[in-house]
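In: Provide a 3D model corresponding to the input given below.
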Amino acid sequence: MEQNPKTEMNEITISPSHCPKVNVDALQMEQELSFRKLVESSECPEQLKYDFNKNGELKHLDTNEPFVFNYYKNAHESNHKRYQVLGHLITQYVYELLERVCKLQKVHIPTDATEDEPRSFFFISEKALTNSSSLIVLLQDRGVFRAGQWGLKTIIHEGLDHGTQIPFIKTALQCYGGVIVLNPNDNFIDLKIEDERLSLSTKEESSTVNSSWWIPKRCSSSSEEHTIYIWDNFISKSAAKNVAFIAHGYGGLVFINLLIQRTWEVMNKVYCVALIDSMHHTLHQVKNNPQVQEWIQKHCREWVTNSKPLDRPTGSLVKVDCPTVSAGTEKYSLAPSSTLQAIFKYLKSTLKAKNTVTLSRSPIVTRSSKNKKSGNTC
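Out: Below is the predicted model:
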């Protein structure tokens with residue numbers, strides 16, 4: 001049975017101004033999660049005496065100071081290795097938060113992979129594919145970070161609220177039907193790194209190129225391939241009638257690539273796209289396709305780092321591009337967290353406008369028309 005657009009909009013009642021924060025004390029008390037436990041299970045607990053405080057900020061256990069890269073004097077390689085270990089531990093911690101706190105499910109891909117085949121994965125909320133209301137898809141920038149993160153360096157220096165996608169996920173789950181968290185940077189497996197990841201050992205041969213053995217992950221060897229696979233096998237087959245993408249940096253380019261590769265499917269299923277400092281290039285990617293250009297102008301909006309107040313129009317140098325507004329910050333790393341409220345306000349108003357148009361096009365059934373159909377007269 002088709003859902004009434006008015007009914008669906010009534011379900012979205014939570015104001016974006018009350019966006020959830022990452023309360024680490026509450027999370028760890030409720031779920032028995034601890035970043036410190038992960039550090040202590042590694043081979044370098046003394047070199048990484050850090051933990052996230054109640055505000056989600058990474059601080060030293062003894063000094064309460066933020067993370068310092070130069071732990072070893074005049075030893076860049078050792079400091080870099082220590083930083084890599086920290087990054088891996090944070091990635092595992094965020095994965096645990098996604099599964100145990102946000103209640104997302106990890107789905108391995110490709111779905112037909114053999115037991116010994118390298119696989120990637122993404123996260124999805126329960127019933128996201130069967131819920132007929134709305135579905136929010138998060139598409140991150142490119143880099144060493146993985147699913148659930150806007151930026152690893154941002155987590156380390158600014159905290160979980162700014163660097164993870166958790167505030168976006170919790171808002172999406174409260175206000176909409178479901179959420180999918182893509183993992184577009186999980187493209188290869190380095191067998192040597194997998195063996196030594198939790199060790200601070202820096203053997204001489206570790207710096208040689210030939211010591212690494214990179215194996216691409218089928219259907220996820222690039223951000224573009226990863227996104228198209230999940231679209232083809234999950235998003236396009238979902239019951240959701242209203243799909244929205246939130247894409248940061250290179251994720252914007254990846255979405256436009258998806259739009260080009262699956263044009264009619266995307267145009268029919270996606271109702272709006274929020275881009276954050278996107279790296280897409282409309283003229284280069286779309287070329288001479290007026291229908292796609294018109295769709296981008298109508299269904300996309302980009303928040304760009306700018307000195308102007310949040311949501312203030314900034315203008316676009318490309319006429320065929322989407323409208324651009326200020327992210328309310330000049331820091332690229334803080335653009336996602338700075339725009340959270342504005343983006344969900346945009347998603348809500350766009351969905352309301354879409355459903356109003358849908359409702360206005362629906363035939364109005366009156367009692368008299370029912371009587372005429374049944375042959376009855378008053």
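
In: Could you identify the longest helix within the protein?
Out: helix 335-361 (DSSP state H).

In: what's that helix packed up against?
Out: On a contact count with 3 or more C-beta pairs under 8 Å, 6 or more residues apart in numbering; DSSP states H and E, helix 335-361 meets helix 5-11, helix 160-163, helix 166-175, strand 242-248, strand 270-276, strand 300-304. (Each C-beta comes from the backbone N, C-alpha and C, glycine too.)

In: and the direction of it versus that of helix 166-175, what angle?
Out: Relative orientation of helix 335-361 versus helix 166-175 (axes from the mean of the first three to the mean of the last three C-alpha atoms, to 10 degrees): 20 degrees.

In: For helix 335-361, list every residue counted as buried.
Out: 335-344, 346-348, 350-351, 354-355 (16 or more other C-beta atoms under 10 Å).

In: Now do that helix: distance to the chain's middle.
Out: The chain centroid and the centroid of helix 335-361 are separated by 17 Å, computed with C-alpha atoms, centre = their mean, to the nearest Å.

In: swap in stretch 35-46?
Out: Between the centre of stretch 35-46 and the centre of its host chain there is 27 Å, according to C-alpha atoms, centre = their mean.

In: and the end-to-end length of it?
Out: Start to finish, the residues bounding stretch 35-46 are 14 Å apart (C-alpha to C-alpha, to the nearest Å).

In: how far away is residue 241 from residue 268?
Out: 10 Å (C-beta to C-beta, to the nearest Å).

In: So which of the two has more stuff around it?
Out: residue 241 (21 against 12; other C-beta atoms under 10 Å).

In: need the contact list for the more buried one.
Out: 3, 132, 133, 134, 269 (C-beta atoms under 8 Å, 6 or more residues apart in numbering).

In: does the most centrally placed residue in the chain count as helix, strand or coil?
Out: In the chain, the residue lying closest to the centroid (C-alpha atoms, centre = their mean) is residue 138, at 2.7 Å. Taking DSSP: H, G, I helix; E, B strand; the rest coil as the rule, one finds residue 138 in the strand state.

In: State the mean pLDDT of stretch 123-130.
Out: Averaged across stretch 123-130, pLDDT comes to 96.

In: Kindly report the same for stretch 259-276.
Out: On average, stretch 259-276 scores 97.

In: distance between that stretch and the chain's centre?
Out: How far stretch 259-276 lies from its chain's middle: 16 Å, per C-alpha atoms, centre = their mean.

In: the bottom helix or strand of the chain by mean pLDDT?
Out: helix 5-11 (a mean of 39; mean pLDDT, DSSP states H and E).

In: distance between stretch 44-64 and the chain's centre?
Out: With C-alpha atoms, centre = their mean, you get 26 Å for stretch 44-64.

In: Do me a favour and average the pLDDT over it.
Out: Mean predicted lDDT for stretch 44-64 stands at 94.

In: Which positions in that stretch come out as buried?
Out: 44, 47, 48, 49, 50, 51, 52, 56, 57, 58, 59.

In: Please produce CSV containing those, extended by distance to residue 103 and secondary structure.
Out: Below are those laid out as CSV (distance: C-beta to C-beta, whole Å; DSSP: H, G, I helix; E, B strand; the rest coil):
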residue, distance to residue 103, secondary structure
44, 31, coil
47, 34, coil
48, 29, coil
49, 31, coil
50, 27, strand
51, 24, strand
52, 20, strand
56, 19, coil
57, 24, coil
58, 24, strand
59, 28, strand
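
In: residue ranges for the strands of the protein, please.
Out: 50-52, 58-60, 104-109, 120-125, 134-139, 178-181, 188-190, 214-216, 242-248, 270-276, 300-304, 324-326 (DSSP state E).

In: can the ones you listed go into TSV with extra columns for distance to residue 158?
Out: Listed next are the strands of the chain as TSV, based on distance: least, C-beta to C-beta, whole Å:
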stretch	distance to residue 158
strand 50-52	12
strand 58-60	9
strand 104-109	23
strand 120-125	22
strand 134-139	18
strand 178-181	20
strand 188-190	28
strand 214-216	31
strand 242-248	15
strand 270-276	15
strand 300-304	18
strand 324-326	19
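
In: Residue 148 is nearest to which of the ones you listed?
Out: Closest to residue 148 of these is strand 178-181 (C-beta to C-beta; 5.9 Å).

In: which helices and strands sit right next to that closest one?
Out: strand 120-125, strand 134-139, helix 166-175.

In: got a list of contacts for that strand?
Out: In contact with strand 178-181 (C-beta under 8 Å, 6+ apart) are residues 98, 104, 122-129, 131, 134-138, 147-148, 165, 169, 172-173, 230, 234-235, 240.

In: in its sheet, what does it sit against?
Out: Take DSSP bridges as the rule and strand 178-181 pairs in its sheet with strand 120-125 (antiparallel), strand 134-139 (parallel).

In: CA atoms of the first one as PDB?
Out: What follows is the C-alpha trace of strand 120-125 in PDB, where atoms were taken according to Å, rounded to 0.1, in the frame of the first residue of the first chain:
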ATOM      1  CA  SER A 120      35.300  -4.700   1.500                       C
ATOM      2  CA  PHE A 121      32.200  -3.700   3.500                       C
ATOM      3  CA  PHE A 122      29.800  -0.900   4.300                       C
ATOM      4  CA  PHE A 123      27.300  -0.200   7.100                       C
ATOM      5  CA  ILE A 124      23.500  -0.100   6.900                       C
ATOM      6  CA  SER A 125      20.700   0.500   9.400                       C
END
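
In: Which residues does that strand contact?
Out: 98-99, 102-109, 147-148, 173, 178-183, 186-187, 217, 219-220, 226, 230, 234.

In: Fine, thanks again, bye for now.
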